[in-house]
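Peer 1: Below are the sequence and a predicted model; questions follow.
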Amino acid sequence: MTSLFTSPVAVSHWWLKEFLAPGMVAVDATAGNGYDTALLAERVGPSGRVFAFDIQQEALEETKKRLVKLGLADRVRLIAAGHERLLEYIQSPINAMVFNLGYRPRGDKTIITRPETTIEALKAGMTLLVPNGLIVMTVYVGHPGGAEEWTSLERFIAGLPTEEWRVVKLRFINRPEHAPFNIGLQKIG
Ligand SMILES: C[S@@+](CC[C@H](N)C(=O)[O-])C[C@H]1O[C@@H](n2cnc3c(N)ncnc32)[C@H](O)[C@@H]1O
């Protein structure tokens, strides 16, 4: 039997797996160790395209290693730039985008995603997103800077027009208040 809700990353993968199909275009805003990029690449298939951003060279190398090992590197463009610069690199429609906020596991814990740049990247992704397109986020509030990032992000996404966006939050209500959680945004078609 399938075990659901094991972690917020598992939940985000579940949503993405449900949504993505061969030939789609997807963006990983935070490549990190490449787990999300690999999932996107696997789901969009050889006819699809994935763009993955990170500001750390080490993260991109780790992601590349993972993709090569899985035979998925051909459909992925790794971009050594902040996700807030998304529109400099992508101008065509996208089907989905994933953010995994905070710091890179096993990496430098002081390099974290920040409210202004996260929201700028989110806004850029929202403009490129096709009708019914999906944005999935894993949000961490337990590290320094995490709660502030969520406060800004929540202010922005909770104010999105109901007739244009479905915005959901999925959290574990029997875990501590500072446990990570998921956000999903779907553009109404
Ligand atoms: C939680 S990790 C991502 C984990 C990753 N998705 C995975 O599957 O392993 C967050 C990543 O965001 C990156 N990051 C921080 N600020 C960024 C920015 N402005 N643009 C792109 N990436 C950024 C960090 O370098 C870090 O690698």
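Peer 2: Sure thing, it's come through. Numbering: from 1, shown residues only.

Peer 1: going forward, measure contacts between C-alpha atoms and count neighbours the same way
Peer 2: Fine.

Peer 1: residues from this structure in reach of the ligand?
Peer 2: 29-36, 53-56, 59, 82-83, 100-104, 111-113, 117 (Cα under 6 Å from any ligand atom).

Peer 1: So what are the sheet partners of the top strand by length along the chain and their directions?
Peer 2: The residue-count maximum for a strand in the chain (DSSP state E) belongs to strand 129-139. When pairing is defined by DSSP bridges, strand 129-139 lines up against strand 94-100 (parallel), strand 181-187 (antiparallel).

Peer 1: count of neighbours near the residue nearest to E120 when sequence neighbours are not counted?
Peer 2: Of all residues not flanking E120 in the chain, E84 sits nearest, at 5.3 Å (Cα to Cα, 6 or more residues apart in numbering). Burial of E84 is recorded as 19 neighbouring residues (other Cα atoms under 10 Å).

Peer 1: can you map out the strands along the protein?
Peer 2: Counting by DSSP E, the strands of the chain are 25-28, 49-53, 76-79, 94-100, 129-139, 165-170, 181-187.

Peer 1: now those strands as CSV including mean neighbour count?
Peer 2: Shown next, in CSV, are these (neighbours: other Cα atoms under 10 Å):
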stretch, mean neighbour count
strand 25-28, 28
strand 49-53, 24
strand 76-79, 18
strand 94-100, 24
strand 129-139, 22
strand 165-170, 16
strand 181-187, 20
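
Peer 1: Mean pLDDT added to those, as TSV?
Peer 2: Listed next are the strands of the chain as TSV, based on pLDDT from 0 to 100:
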stretch	mean pLDDT
strand 25-28	99
strand 49-53	99
strand 76-79	99
strand 94-100	99
strand 129-139	98
strand 165-170	98
strand 181-187	98
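
Peer 1: Can you lay out those strands as a markdown table showing distance to A121?
Peer 2: Converted to a markdown table, the strands of the chain look like this (distance: least, Cα to Cα, whole Å):
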| stretch | distance to A121 |
| --- | --- |
| strand 25-28 | 11 |
| strand 49-53 | 11 |
| strand 76-79 | 14 |
| strand 94-100 | 10 |
| strand 129-139 | 11 |
| strand 165-170 | 17 |
| strand 181-187 | 14 |
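
Peer 1: closest one to L4 among those?
Peer 2: Comparison of the strands of the chain against L4 by Cα to Cα identifies strand 165-170 as nearest, at 12.8 Å.

Peer 1: Could you tell me how far the closest one lies from the centre of the chain?
Peer 2: Per Cα atoms, centre = their mean, to the nearest Å, the displacement of strand 165-170 from the mean C-alpha position of its chain is 14 Å.
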